[in-house]
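**Q** Structural data only, the sequence is not supplied:
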């Protein structure tokens, strides 16, 4: 999340009761989690395993639970519980804002757009021109829709990320990480009925121009899809996935987190994508292989009894 | 879609600025896409690959982008862009009709039926007797429910088909085909929570009498199911599928488009149906095989190491 | 379902026109279906195949369509149609109660909890403190939420069980069994968007403390999950499953009915769980095997062509 305007580190250190060391007079431009950091960002780290990754990332300012050497040009904000410090900052800049009616006064709805009764439009939502928002759709705070977007009934845009701070040595293993990112839906996108598109944890989930999504599709936090993609019914895409232009995922395909799917990839129904894909190829299987190879494999399996008979004799 | 009453071809030719040739004084009774045409229907074709199929189909009147011989007793409506002509006709007879409240004045709701608050009932919807429509259900325009139907919370009846005119040489690859069909739900059907049932593109999607559907099930456009079917949770059925009576699909089964599933077919959980099935058999796997054969295959795979050792020696 | 207070068997026999034999002066404390019976319970059986199971179960009082010896200390309620007798009792104690507004007057909502507009809160629902119920959520009658529970948009809590009395020799094969159980959600549970959690047929479905559930997850009737479980997107769990503490199910996993999943089990994405699992192990495949074994199997399959060449010669 970018701050509305740059914020002094000293102010932030006071907010979270941190010891500030290094480049103490700097200003932070935003706060992000480690998957998506940029220069000027605050980030947090609380596990020794990730200290180095975090200190050496693009992030300028690190909230950390250890006194350590400050990387050049950066600053550390030392606290006992970096996760709670992160939550405190996120909540300060993106506080819970209750909604008291179905369409928020702070929502902006473009000319020619029609909102069916039963649709919920949250605070600070922006909807472009000539959109249709069907009944019982929920568009949560801060999400942005372009022009000519259609959202069919029952779909949820901007649900929170499924993203938790995990420690198995406490009573509650999973603590909710606040989702301060948004969902951005570009022009001419159509999203089917009963879908769920999570907002980014700290960045944005983006659905590229002209992409068409069937019913009951789930798209995880911080995932970015290209233009002219086609996702059939019940596809599930985990968080932080990058999908190129013109990608086709057939029904019930699953895509694991943090992958990159090359442009014009085609994945056949019910496949499970567990690794990056090159562009322009056709895949099948769980885990996927190139469809042609996978089809041959199915034939080879059918030949085992013949092989057995030749080697072992009639069963 | 059938027209409310027969419409003269000359009137239609004028509406879409077509050159009319052949049986020019005829009247069209409806408009359909090529999967579902009947005599008296208008149909469109814009790709040379499908010219012959379309000209030789049951359709009487063909909107086409080529001057060609007129099949006997038929008429051609020649235009530059048959897809846009089709959309124009569909929009004329099934225009977008906004809804301004949760239950449309034009909806008819039978005696003894109860509509929970939060349910949306669109224009021209007909609901029979003794139905229960749970909260946050959306029943879109023109859909028809029989008697003793239960629709659980959050379900969407009559979402648009996932059906696009596709051309990859323009900026927007996918153009929405208007869905002017309906969903028809027969007596004693129960549909679980969070399901989505698409309307037909030009015909009707039909759920047969006494069929029971679990939660989060997706059923595609123009799909017709028999009586007394049972679809467990998260089943996904693509468009234009014909399902016989008494078919059981267990959880997370997927069925590809335009298939015919024979009566009393049983498909085990997570299977993928990619071909027609004969009636009365039990299937498993993705793609499916008869369950007994597929189970044997799993055993054969377990024997590869033994075979390997015999042929190649101890690994 | 437990009755509000014990009910005399004679009163019940009159309600369902049963012949009462055995311990006729007893009082029943509740009514349950055979999966979940306890002493003091009424239960029904209508198929000779299950007579013995039912007569020897923990249930004290059996509604049955046969004159037979009464097990010691028990009573029989003999009727022609035990299923309809069961429905009559269930309907008497848990009658259909219409809702006329989005939040029932009989619902109790704790301090600090926020209900978004568009959310439906049924009769006798109890919601604890500091919960957030997002828009277009449906929480059906009698369900109970603890403190600090978050339910994201579009989710349904307390949909009816997918559970039918099945007889294929009548016109309607499937008759709805009334669901008189509840859903109980413990403290600090978070449920994503577009999920569906069925109530128990006669007992309760329970989501254990601190469990986190992603979007579009389906959980069946009478299923009980432990604490600190994590269910990723599009997981489907059938009815009457017992899930231990700390279980992780990755995306699109399916779990069959009436299984027991041991504590700390991990199941990789798209797997199908068809048997009980021991605790603390990692599984993969459909049907699942231990992940390490399943991975080896994938490697063995790749070796078939080599084996073929050695035995059969170059293809």
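**A** Arrived safely, thanks for sending. It should be emphasised that the depicted structure is a prediction, and the values quoted were computed from it without experimental measurement.
**Q** Quick check: residues of the stretch 151-300 of chain A near chain B?
**A** A:152-154, A:188, A:190, A:192-194, A:209-210, A:212, A:214-216, A:228, A:230, A:232-234, A:246, A:251-252, A:269-270, A:286 (C-beta under 8 Å from any C-beta of the partner chain). C-beta here means a position set from N, CA and C on the backbone, and glycine is covered the same way.
**Q** can we see that at 7 Å?
**A** The stretch 151-300 of chain A has residues A:152-154, A:188, A:190, A:192-194, A:210, A:212, A:214-216, A:228, A:230, A:232-234, A:251-252, A:269-270 near chain B, with proximity defined as C-beta under 7 Å from any C-beta of the partner chain.
**Q** Quick one: neighbours of residue A:40, just the number.
**A** 18 (other C-beta atoms under 10 Å in any protein chain shown).
**Q** for it, what are its contacts?
**A** A:28-30, A:60 (C-beta atoms under 7 Å, 6 or more residues apart in numbering or on different chains).
**Q** What of residue A:136?
**A** Contacts of residue A:136 by C-beta under 7 Å, 6+ apart are A:118-119, A:153-154, B:120, B:136, B:138, C:136.
**Q** Those, buried ones only, as a PyMOL selection?
**A** Restricted to buried positions by 16 or more other C-beta atoms under 10 Å in any protein chain shown, the PyMOL selection for those reads:
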select buried, (chain A and resi 118+119+153+154) or (chain B and resi 120+136+138) or (chain C and resi 136)
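**Q** top strand in chain A by residue count?
**A** strand A:2-8 (DSSP state E).
**Q** just checking, what packs against it?
**A** With contacts taken as 3 or more C-beta pairs under 7 Å, 6 or more residues apart in numbering or on different chains; DSSP states H and E, strand A:2-8 sits against strand A:27-31.
**Q** what lines up beside the strand it packs on in the sheet?
**A** Partners of strand A:27-31 in the sheet, by DSSP bridges, are strand A:2-8 (antiparallel), strand A:41-45 (parallel).
**Q** contacts for the next helix-or-strand element following the first one?
**A** Counting by DSSP states H and E, the next helix or strand C-terminal to strand A:2-8 is helix A:9-15. If you take C-beta under 7 Å, 6+ apart as the criterion, helix A:9-15 is touched by A:20, A:24, A:26-28, A:61, A:75, A:77, A:88-89, A:92.
**Q** from these, which would you call buried?
**A** A:20, A:26-28, A:61, A:75, A:77, A:88-89.
**Q** would you list these in CSV and tack on pLDDT?
**A** As requested, the buried ones among the contacts of helix A:9-15 are exported to CSV (pLDDT from 0 to 100):
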residue, pLDDT
A:20, 97
A:26, 94
A:27, 95
A:28, 96
A:61, 95
A:75, 96
A:77, 97
A:88, 95
A:89, 95
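**Q** can you name the two of the residues you listed that are farthest apart?
**A** A:26 and A:88 (19.3 Å; C-beta to C-beta).
**Q** Spit out the contact partners of residue A:63.
**A** Contacts of residue A:63 by C-beta under 7 Å, 6+ apart are A:18, A:42, A:44, A:77, A:79, A:82, A:85-86.
**Q** and if we set it to 8 Å?
**A** By C-beta atoms under 8 Å, 6 or more residues apart in numbering or on different chains, the contact set of residue A:63 is A:16, A:18, A:42-45, A:76-77, A:79, A:82, A:85-86.
**Q** And these, which is closest to chain B?
**A** Nearest to chain B among these is residue A:86, at 33.1 Å by C-beta to the nearest C-beta.
**Q** separation between the closest one and chain C?
**A** For residue A:86, the distance to chain C equals 18 Å [C-beta to the nearest C-beta, to the nearest Å].
**Q** again with residue A:59
**A** Taken as C-beta to the nearest C-beta, the span from residue A:59 to chain C is 27 Å.
**Q** Over to residue A:195?
**A** Counting by C-beta to the nearest C-beta - residue A:195 and chain C are separated by 8 Å.
**Q** so how many other residues sit close to that residue?
**A** 30.
**Q** try residue A:101
**A** Neighbour tally, residue A:101, other C-beta under 10 Å: 10.
**Q** Nearest to residue C:241 among the strands paired with strand A:27-31 would be which one?
**A** strand A:41-45 (37.1 Å).
**Q** which element follows the closest one toward the C-terminus?
**A** helix A:48-55.
**Q** Which is the succeeding secondary structure element to that following helix?
**A** strand A:61-64.
**Q** Distance from the very next helix or strand once past that next one to the middle of the chain?
**A** Remark: after strand A:61-64, the chain's next helix or strand is strand A:75-78, criterion DSSP H and E. Distance of strand A:75-78 from its chain centroid, counting by C-alpha atoms, centre = their mean, to the nearest Å, is 27 Å.
**Q** helices and strands around strand A:75-78, which ones?
**A** Packed against strand A:75-78, as judged by 3 or more C-beta pairs under 8 Å, 6 or more residues apart in numbering or on different chains; DSSP states H and E, are the following elements: helix A:9-15, strand A:19-22, strand A:61-64.
**Q** Serialize those to TSV and add fields for distance to residue B:278.
**A** Shown next, in TSV, are the helices and strands packed on strand A:75-78 (distance: least, C-beta to C-beta, whole Å):
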stretch	distance to residue B:278
helix A:9-15	68
strand A:19-22	73
strand A:61-64	63
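**Q** most packed of the ones you listed?
**A** Ranked by mean neighbour count, the helices and strands packed on strand A:75-78 are led by strand A:61-64 with a mean of 26 (mean count of other C-beta atoms under 10 Å in any protein chain shown).
**Q** Okay, now the sheet partners of that one, with direction.
**A** strand A:41-45 (parallel), strand A:75-78 (parallel).
**Q** that older thread, using JSON lines, please lay out the contacts of residue A:63 together with distance to residue C:132.
**A** JSON lines is the format used below for these (distance: C-beta to C-beta, whole Å):
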{"residue": "A:16", "distance to residue C:132": "24"}
{"residue": "A:18", "distance to residue C:132": "29"}
{"residue": "A:42", "distance to residue C:132": "26"}
{"residue": "A:43", "distance to residue C:132": "27"}
{"residue": "A:44", "distance to residue C:132": "24"}
{"residue": "A:45", "distance to residue C:132": "28"}
{"residue": "A:76", "distance to residue C:132": "34"}
{"residue": "A:77", "distance to residue C:132": "29"}
{"residue": "A:79", "distance to residue C:132": "27"}
{"residue": "A:82", "distance to residue C:132": "25"}
{"residue": "A:85", "distance to residue C:132": "23"}
{"residue": "A:86", "distance to residue C:132": "20"}
